[in-house]
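Undergrad: what's the 3D shape of this:
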Amino acid sequence: LDWWHADRSCEQRFAQLLFEPQDSERGSFSKLLQSHHIRGSVWLNERNGVLHKPKWRRDHIVPVLVFGDKTDTKYAKVLSDFPALPAVTACAHLQWDTRTQEIATIFSYAVPAFINEFQLRGFVDEEGFVRFALIVHGHHSPYLPVFRADGQWHHFCVTWQQENGTWAIYADGKRRASASGLCAVGPSAPQAIYGQGTFIIGQDQDSLGGTFREKESFSGNITDLHIWQKVLGMEQIEKVRSCWVVEQDLVFGWSSNALEVESTVQEVTARFLCPGPVEECQVFEVDSSGFSYASCLQSLPFICRYRKDAYWQLKKAQLEASHSLVGRVNTLAARTVIPENIFTSDVQDMNLSVALGALDVLTTVLREAQTPVLESSDLLAVLQLLKQVSDVEVQEGEDLEMLEQLGQYYVEVTELILEEQNIETWSSVSQVIRGPMAVVELCDRMVSHLAPLLTAERTKITIQHGNVGLRGVMVKNMWFGYGSLQRCLSGAGSSSAVFQDVAALDGGQKYLSTTVGTAVISSALLSDYQEISTSVRYRLQHRVQVPPDVAVLPSCPPQQHRAAGPDAGGMWSTAGCSVVTSFLDSTACFCNHTTNFAVLLQVYEMQQRTTKEERMLQTLTFIGCGVSFCALMVTFILFVVVGVPKSERTTVHKNLIFALAAAEALLMFSELAKANQVLCFTVTACLHLFFMAAFSWMLVEGLLLWSKVVAVNMSEDRRMKFYYVTGWGLPVVIVGVTLATSFDKYVADNHCWLNIRTNVIWAFVGPVLFILAVNTFVLFRVVMVTVSSARRRSKMLTPNSSLENQIGIQIWATAKPVLVLLPVLGLTWVCGVLVHLSIIWAYVFIVLNSLQ
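TA: Numbers count the residues shown, from 1 in each chain. The predicted structure follows:
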């Protein structure tokens with residue numbers, strides 16, 4: 001098959017086209033293929049490639065002129081008025097008659113001043129190539145090879161412009177020849193091609209509109225001739241080759257009504273499968289064990305690859321199948337609509353009529369099913385049929401009522417297989433189909449086929465059944481109601497449905513889970529059947545029922561599909577999306593691109609705190625911080641005014657006192673800043689800085705103690721410089737880096753503190769945990785030294801004291817430094833990790849640290 005059909009065939013069998021083998025696997029892989037008598041090239045999927053979306057390849061129905069043998073009578077005349085052409089492009093599809101090697105004239109344009117004003121001629125050379133030459137104002141380009149004389153249809157374009165006489169010839173999307181100077185007469189610039197001439201297809205004019213000669217006539221078939229009064233670029237030529245008409249500056253568009261056709265020229269209607277813009281796909285060369293590229297439309301062997309777990313799950317479903325649904329469908333249709341064996345059956349291409357008949361029968365059987373619960377094999381069979389239908393290539397001129405009915409059946413089948421009773425069935429095939437989001441992807445493909453339903457009179461269509469619907473304008477939208485899709489997602493335990501965000505613990509909240517809490521919607525903007533990404537703003541109603549002791553935190557993630565295709569499911573990602581506003585019953589989101597959307601709700605268990613307890617905690621915090629602030633200020637004043645002798649210890653104490661006092665003063669009045677966004681941001685940054693500085697000076701207190709316990713070879717001046725860098729420099733760096741990297745995510749939503757929903761909180765928690773760990777080690781070392789010293793002193797001063805006295809002295813020697821140093825080193829903050837366990841720990845935490 002060609003690459004697109006090979007890829008589709010594998011996907012419809014719940015497999016993937018073979019991936020590029022690793023370098024170490026190539027030799028053994030070649031031998032394996034050769035042992036199965038496979039030689040030459042086989043199609044490959046690119047291992048790290050983005051998901052291949054089949055290009056829109058139009059079935060193009062056009063009138064074809066059949067010129068047959070060379071004669072001096074057969075011609076077609078273009079009935080259009082031609083303006084003067086300072087630039088020109090002519091394109092057509094051509095089938096060359098290979099029986100003759102004589103020169104043939106594809107078209108000729110004559111004016112009274114110049115009979116050979118604009119002409120294209122060609123012949124077949126001895127090597128089997130068709131060579132073209134362009135003539136302008138009677139000046140002749142050389143004959144150059146453009147495509148093989150193979151009897152197949154080929155697309156060509158010729159361009160010329162007055163400036164520098166630049167010309168080019170394109171064939172099958174590639175530039176085959178180009179140069180300048182065609183029709184540059186002497187020193188003067190070339191003239192534009194004159195207007196009001198006669199354009200003849202298939203003959204060379206030796207007089208205006210006549211005098212044809214048999215040996216210069218065209219033999220073969222021609223269609224889709226278009227002429228523009230400008231030079232088309234490569235991208236536009238590629239578009240024309242794919243059967244899209246560039247309307248701008250079009251002088252003549254191919255139409256039977258715009259041609260005067262001589263009676264012996266046969267007119268027939270032909271159907272073209274126009275090529276997509278991507279021409280070459282990767283292949284594995286079996287004989288040489290290497291890689292190369294081949295035309296994607298070429299027919300080559302291919303291999304479908306299954307993951308082992310998916311393969312065995314498919315085999316199990318096949319072996320355990322009763323085929324009741326498949327049997328009923330095939331019996332009612334009186335033909336094989338759904339094959340019984342997924343592995344061995346050929347997957348047939350469908351047209352609109354066959355697809356409509358198949359879904360009609362399937363819908364009838366699903367509606368009338370006595371047991372609405374599907375077997376695993378039934379679900380896979382239905383999905384296989386949906387894949388085939390979503391790949392139907394809708395032809396021009398199709399019955400639009402049939403197309404709309406197909407959409408209606410598709411939506412109804414989708415709704416029926418997403419019913420809640422099928423949750424277990426989805427779980428049983430979780431390795432083959434990674435969750436029901438595969439259905440979203442299939443519906444996304446299907447809705448693209450409905451574009452022909454949109455006209456100038458009918459700018460919007462809506463197709464709905466139950467909880468699933470499609471709506472199309474130039475924007476296509478889909479929605480999957482919470483009742484259908486979300487329960488299947490949760491029940492199937494699909495990784496594609498759950499976006500695991502390990503949230504930080506926030507005082508009275510404990511993270512429980514993340515769940516899809518709304519309908520799932522999909523949105524895409526189409527231009528010429530190709531998707532264009534654009535920003536989207538949407539609001540969704542919450543559908544999750546949560547108990548009163550649970551809180552929810554909304555996020556707005558679009559779904560990103562993996563490269564493996566729709567069966568592999570996908571993952572939720574918050575990239576490019578943000579919450580605009582959030583209420584108890586709904587959330588509004590903004591995303592900078594189009595895809596599948598939902599609102600995920602992070603569920604937190606709220607600790608049972610009454611309003612009275614919350615008020616008590618706030619009061620204790622305010623009183624504790626107030627008392628602490630006053631004590632700190634008094635101590636600081638005493639240090640400065642009374643004239644306490646200067647030392648390392650007093651300097652470190654003063655810095656710690658200042659940092660802690662500033663932090664607690666800001667904390668007491670931070671609630672007042674909530675109303676003003678700028679003020680709240682400033683308060684948050686200052687709180688971060690001063691609390692960070694307070695902990696840094698607590699670290700310095702620990703380092704100072706260490707220098708007293710363990711001899712440190714460093715002068716006092718150098719030590720103080722190091723202490724200042726640690727105490728103030730480190731916090732400034734941490735806060736600066738955090739602001740630079742997370743400016744938009746810095747402040748929490750409901751109060752003036754760091755945002756705990758993002759990683760910003762670790763810019764405070766991380767350093768604090770490190771400092772507490774260091775100071776715990778310092779405290780342990782100080783206690784050891786103090787106890788040892790107390791034991792020695794006790795033995796020296798009271799050698800005959802009782803054992804009880806010695807134990808009491810040692811206990812006091814242990815307790816004294818612990819009691820004194822716990823607040824100084826900040827170790828009372830360790831109990832913060834226990835706050836979520838009980839309200840009692842919240843009281844302990846606030847009392848200890850507000851009074852630090």
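
Undergrad: mind giving me the packing neighbours of the longest helix belonging to the chain?
TA: Ordering each helix of the chain by length in residues (DSSP state H) puts helix 762-797 first. Contacts defined by 3 or more CB pairs under 8 Å, 6 or more residues apart in numbering; DSSP states H and E place helix 762-797 against helix 677-709, helix 730-741, helix 803-824. (Glycine included, C-beta is placed from N, CA and C.)

Undergrad: how far off centre is it?
TA: 52 Å (CA atoms, centre = their mean, to the nearest Å).

Undergrad: rewinding a little: mean neighbour count and distance to residue 79 added to the helices and strands packed on helix 762-797, as a markdown table?
TA: Shown next, in a markdown table, are the helices and strands packed on helix 762-797 (neighbours: other CB atoms under 10 Å; distance: least, CB to CB, whole Å):
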| stretch | mean neighbour count | distance to residue 79 |
| --- | --- | --- |
| helix 677-709 | 20 | 69 |
| helix 730-741 | 16 | 68 |
| helix 803-824 | 14 | 99 |
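
Undergrad: can you say which of these is nearest to residue 774?
TA: Nearest of the helices and strands packed on helix 762-797 to residue 774, taken as CB to CB: helix 677-709 at 5.8 Å.

Undergrad: now the helix or strand that that closest one is followed by and helix 677-709, what's the angle there?
TA: Sequence-wise, the next helix or strand beyond helix 677-709 is helix 716-724, with elements assigned using DSSP states H and E. If you take axes from the mean of the first three to the mean of the last three CA atoms, to 10 degrees, helix 716-724 sits at 150 degrees to helix 677-709.

Undergrad: for helix 716-724, buried residues please.
TA: Judged by neighbour count using 16 or more other CB atoms under 10 Å, the buried positions of helix 716-724 are 719, 723.

Undergrad: which one of the helices and strands packed on helix 762-797 lies closest to residue 28?
TA: Closest among the helices and strands packed on helix 762-797, once you apply CB to CB, is helix 730-741, at 47.8 Å.

Undergrad: circling back: and the helices and strands packed on helix 762-797, which one is worst for confidence?
TA: Least confidently modelled of the helices and strands packed on helix 762-797 is helix 803-824, at a mean of 69 by mean pLDDT.

Undergrad: what ranges do the helices span in the stretch 101-250 of the chain?
TA: Remark: helices assigned in the stretch 101-250 of the chain by DSSP state H, counting those that start in this stretch are 234-241.

Undergrad: output stretch 325-335 as CSV, nothing but the C-alphas.
TA: Output in CSV follows, covering the C-alpha atoms of stretch 325-335 (Å, rounded to 0.1, in the frame of the first residue of the first chain):
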residue,chain,number,x,y,z
LEU,A,325,-22.7,-8.2,18.5
VAL,A,326,-20.6,-8.8,15.4
GLY,A,327,-23.0,-11.6,14.3
ARG,A,328,-26.1,-9.5,14.8
VAL,A,329,-24.6,-6.6,12.8
ASN,A,330,-23.4,-8.8,9.9
THR,A,331,-26.7,-10.7,9.8
LEU,A,332,-28.8,-7.6,9.7
ALA,A,333,-26.6,-6.0,7.0
ALA,A,334,-26.6,-9.4,5.1
ARG,A,335,-22.8,-8.8,4.5
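
Undergrad: ok, residue 319 to residue 375 distance?
TA: For residue 319, the distance to residue 375 equals 12 Å [CB to CB, to the nearest Å].

Undergrad: of the two, give the one with the bigger neighbour count.
TA: More neighbours surround residue 375 than the other of residue 319 and residue 375, with 20 against 8 (other CB atoms under 10 Å).

Undergrad: what sits against the more buried one?
TA: For residue 375, the contact set (CB atoms under 8 Å, 6 or more residues apart in numbering) comprises 317, 320, 321, 322, 324, 325, 425.

Undergrad: at 10 Å what do you get?
TA: Residue 375 sits next to 317, 320, 321, 322, 323, 324, 325, 326, 381, 422, 425, 428 when contact means CB atoms under 10 Å, 6 or more residues apart in numbering.

Undergrad: what's the pLDDT at the last one?
TA: We note a pLDDT of 82 for residue 428 in this prediction.

Undergrad: and the closest residue to it other than its chain neighbours, its phi and psi?
TA: In this structure, residue 428 finds its nearest non-sequential neighbour in residue 376, 4.6 Å apart by CB to CB, 6 or more residues apart in numbering. Phi and psi for residue 376, reported as degrees, to the nearest 10, are phi -60, psi -50.

Undergrad: the one 3 residues further on now?
TA: When read as degrees, to the nearest 10, the backbone of residue 379 gives phi -60, psi -40.

Undergrad: count the residues that sit near residue 446.
TA: 23.

Undergrad: and residue 621, by the same measure?
TA: 18.

Undergrad: so what's it up against?
TA: 664, 667, 668, 845, 846, 847, 849, 850.

Undergrad: thinking again about what came up before, buried ones in the longest helix of the chain, by neighbour count?
TA: 763-764, 767-768, 771-772, 774-775, 778-779, 782-783, 786-787, 790, 794.

Undergrad: with stretch 283-302 instead?
TA: Buried, per 16+ other CB under 10 Å, within stretch 283-302: 283, 284, 285, 286, 289, 294, 296, 297, 300, 302.

Undergrad: swap in stretch 78-90?
TA: 78, 82, 85, 86, 87, 88, 89, 90.

Undergrad: farthest pair in those?
TA: 78 and 86 (19.6 Å).

Undergrad: how far off centre is stretch 444-459?
TA: Using CA atoms, centre = their mean, the offset of stretch 444-459 from its chain centre is 24 Å.

Undergrad: do stretch 384-395 as well
TA: That offset, for stretch 384-395, works out to 23 Å (CA atoms, centre = their mean).

Undergrad: which parts of that stretch are buried?
TA: In terms of neighbour count (16+ other CB under 10 Å), stretch 384-395 has its buried residues at 384, 385, 386, 387, 388, 389, 390, 391, 392, 394.

Undergrad: mean confidence (pLDDT) on that stretch, please.
TA: Here the average pLDDT along stretch 384-395 is 80.

Undergrad: for residue 284, which three-state class applies?
TA: Three-state call for residue 284 (DSSP: H, G, I helix; E, B strand; the rest coil): strand.

Undergrad: what about it, distance to residue 18?
TA: 8 Å.

Undergrad: residue 463 too?
TA: Counting by CB to CB, the gap from residue 463 to residue 18 is 37 Å.

Undergrad: more crowded one of those two?
TA: A count of neighbours by other CB under 10 Å puts residue 463 above the other of residue 463 and residue 18, at 23 against 18.

Undergrad: next, count neighbours for residue 634.
TA: The burial count for residue 634: 11, using other CB under 10 Å.

Undergrad: now do the contacts for it.
TA: residue 657.

Undergrad: picking that back up, quick check, nearest of the buried residues of stretch 283-302 to residue 477?
TA: Checking the buried residues of stretch 283-302 against residue 477 by CB to CB gives residue 296 as the nearest, at 31.0 Å.

Undergrad: hmm, the closest one is touching residue 44, no?
TA: No - counting by CB atoms under 10 Å, residue 296 does not reach residue 44; the two are 11.7 Å apart.

Undergrad: shared neighbours of those two, anything?
TA: 3, 6, 281, 282.

Undergrad: which of the residues you listed has the largest number of neighbours?
TA: If you rank the shared contacts of residue 296 and residue 44 by neighbour count (other CB under 10 Å), residue 3 sits at the top with 26 neighbours.

Undergrad: poorly predicted segments of the stretch 101-250 of the chain, please.
TA: 184-190 (pLDDT under 70).
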